[in-house]
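J.: After the sequence you'll find the predicted model.
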Amino acid sequence: MPPSPTPDHSWGKAWYWLTTPAAAVPMQQHGRVRFLAIVNLSVIVISVLGTIIAIALARFMSESLITEAGSIVGIVVLVIGYIITRTRYYELSAYITTFIPIIGVGIPVLTAYAPEYIAILIFTPIVSSVLLNARMTFLSGIMVIIVSSAAYLVSGTNQSLLQFIVLILLECMVSVVMTAASIIRENQIAALEIAREQLHEQVEIAEKARQQAERSDHVKSAFLASMSHELRTPLNAIINFTRYVVKGTLGPLNPEQTDALTDVVESAKHLLNLINDVLDMSKIEAGALRLFVEDNINIYPILDSIVTTGRSLVGDKPIDIQTDYAANLPVLRADRQRLTQILLNIMSNAVKFTKQGSITVKTYTKADMLVIAVSDTGVGIAAEDQTAVFEAFKQTNAGLRQANGTGLGMPITKSLVEAHGGILWLESEVNQGTTFFIELPIKSERLIPSIIV
């Protein structure tokens, strides 16, 4: 149970201090102990006021003060009980609070001073059910019935048999109901405690599983990064040596041999691109991606090189690549190689999924951001597939039909854009085309230049 907020006014602060459980009280018992302190203080205040009034009336009417002396003793006992609530022995105070009415009423009743007070004993099982367990609630009910029976015996003719039977039946009913309520409460508390322990165990299991998954993920990423480096070196050698053979450096080749070795080079280059994607993805997942940041990067030459590459990728497809650059674009703070990779991934996707029509590269500024938009008139992406574009190893239905791929290009691109402090999103309609938007901060505060030019 969370602690109650401290009131602002002085009386509220005093009451808060008087009813706040001690530091030694377990947190799960704070509500019970606070209730106990409130009951004690309330009864003490009422008892003090009642005793003062009774003493004043007794003096005015010249009556005996024996009953009032017993009340003073009861008040002292209640004060002691309240003091105990401020310690680790708060349970003892619960017993005092529960049974003091029985003692306080029982003594005057048994001495025939005040048999009419017997009705207030009904509240004892009620208080006991809140402060004590079911067994003590049942015991307090038995004691109330015993005191009530003794009061009837010593009261003589002051109480009729019918009144006595009604009172005993009422006390029995209250005692049974309060005992049943205590049993239900204890069962619920026990069930909650079991559920809490089970939840705690499940949380520990889940935490261990999460830590194990994180360790496995880091090991996987480290393994992929290491193996990718080991594979790239011999693969580059295969590509270069095969190119020498294709060029005839090691001797003449017939057309069939040239075609076969050219296929080898193309397949090896595809495999190298796949390994590079896996290496980048493993770095991103392991949090080991490092940007080589430069200040004052001129975006125009990079855009021109991407457009030139895109035109070479078009081949014999009837696609026109157009540009729409805003004038006087500001220089950027970015990683030149990664920025080129971002734009090249988007351009290659646009060429791959466009059979005919046009591809337009547009740039403009918006506040302190540079926006680059690459639009195509390709197959488009359905609304339900658009989120999968940026998920690793996933491809849209159109992607699976149109071209082969790993499903890593756009997730890597999105991660690289976000590493620059930017955002990447798309707008698309099926059979109408797709536009990818890149929004990059012109001078990102999160990027620290590592290359000075």
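T.: Here it is on my side, so go on.
J.: Which helix or which strand is home to the nearest residue to Asp295 once chain neighbours are set aside?
T.: Nearest non-adjacent residue to Asp295, counting by CB to CB, 6 or more residues apart in numbering: Pro449, 4.8 Å away. (Glycine included, C-beta is placed from N, CA and C.) Pro449 belongs to no helix or strand when assigned by DSSP states H and E.
J.: From Ile438, how far off is Pro449?
T.: When distance is defined by CB to CB, to the nearest Å, Pro449 is 21 Å away from Ile438.
J.: Which residue of these two possesses the greater neighbour count?
T.: Ile438 (24 against 13; other CB atoms under 10 Å).
J.: Just the pLDDT for that one.
T.: Looking at Ile438, its pLDDT stands at 95.
J.: For the closest residue to it other than its chain neighbours, give me the backbone phi and psi.
T.: Nearest in space to Ile438, with sequence neighbours left out and distances taken as CB to CB, 6+ apart, is Ile372 at 4.4 Å. Dihedral angles of Ile372 (phi, psi; degrees, to the nearest 10) stand at phi -120, psi 120.
J.: Now do the contacts for Ile372.
T.: Ile299, Leu303, Leu343, Val361, Lys362, Thr363, Phe437, Ile438, Leu440 (CB atoms under 8 Å, 6 or more residues apart in numbering).
J.: Kindly recompute the last result at 10 Å.
T.: Shown in contact with Ile372 (CB atoms under 10 Å, 6 or more residues apart in numbering): 299, 302-303, 306, 325, 329, 339, 342-343, 346, 361-364, 417, 422, 424, 436-440.
J.: hmm, back to that, close enough to count as contact, the residue nearest to Asp295 and Arg333?
T.: Yes: under the contact definition of CB atoms under 10 Å, Pro449 touches Arg333, with a separation of 6.6 Å.
J.: any common contacting residues for those two?
T.: Val293, Glu294, Asp295, Asn296.
J.: Go through the contacts of Ile372 and flag which are in strands.
T.: Applying DSSP state E to the contacts of Ile372, the entries found in strands are Tyr325, Val361, Lys362, Thr363, Tyr364, Leu424, Phe436, Phe437, Ile438, Glu439, Leu440.
J.: which pair in these spans the largest distance?
T.: Greatest spatial distance in the ones in strands among the contacts of Ile372: Tyr325 and Leu424, 19.5 Å, computed using CB to CB.
J.: Name the nearest residue to Leu339, sequence neighbours excluded.
T.: Ile302 (6.2 Å).
J.: Would you map out the domains in this protein?
T.: 10-159, 208-285, 293-441 (automatic domain parsing).
J.: least reliable of these going by mean pLDDT?
T.: domain 10-159 (a mean of 69).
J.: quick one, what contacts Phe138?
T.: Contacts of Phe138 (CB under 10 Å, 6+ apart): Pro125, Ser128, Ser129, Leu132, Ser175, Val176, Met178, Thr179, Ala180, Ser182, Ile183.
J.: Now the buried members of these.
T.: Listed as buried from the contacts of Phe138 are Pro125, Ser128, Ser129, Leu132, Ser175, Met178, Thr179, Ser182, Ile183; burial here means 16 or more other CB atoms under 10 Å.
J.: Please name the nearest non-neighbouring residue to the fifth one.
T.: Nearest non-adjacent residue to Ser175, counting by CB to CB, 6+ apart: Gly141, 2.6 Å away.
J.: secondary structure element for Leu274?
T.: Using DSSP H and E, Leu274 sits within helix 255-285.
J.: can you pull the buried residues of whatever helix or strand comes next after that helix?
T.: Per DSSP H and E, the first helix or strand lying C-terminal to helix 255-285 is strand 293-297. For strand 293-297, a neighbour-count test (16+ other CB under 10 Å) marks Val293, Glu294, Ile297 as buried.
J.: For the most centrally placed residue in the chain, give its distance to Arg215.
T.: Centroid-nearest residue in the chain: Val203, 12.6 Å away (criterion: CA atoms, centre = their mean). Going from Val203 to Arg215 by CB to CB gives 19 Å.
J.: rewinding a little: who has more neighbours, Tyr325 and Leu424?
T.: Set side by side, Tyr325 and Leu424 show more neighbours around Leu424, with 21 against 15, by other CB under 10 Å.
J.: Report the beta-bridge partner residues of that one.
T.: Leu424 has these beta-bridge partners by DSSP bridges: Ile438.
J.: Would you confirm that it contacts Thr435?
T.: No: under the criterion of CB under 10 Å, Leu424 is not in contact with Thr435, lying 11.6 Å apart.
J.: residues shared between the contacts of these two?
T.: Ile346.
J.: Show me the helices in the stretch 101-250 of the chain, by range?
T.: With DSSP state H, counting those that start in this stretch as the criterion, the stretch 101-250 of the chain has helices at 123-131, 134-155, 161-246.
J.: closest to Ile319 out of the ones you listed?
T.: Minimum separation from Ile319 across those (CB to CB) falls at helix 161-246, 27.8 Å.
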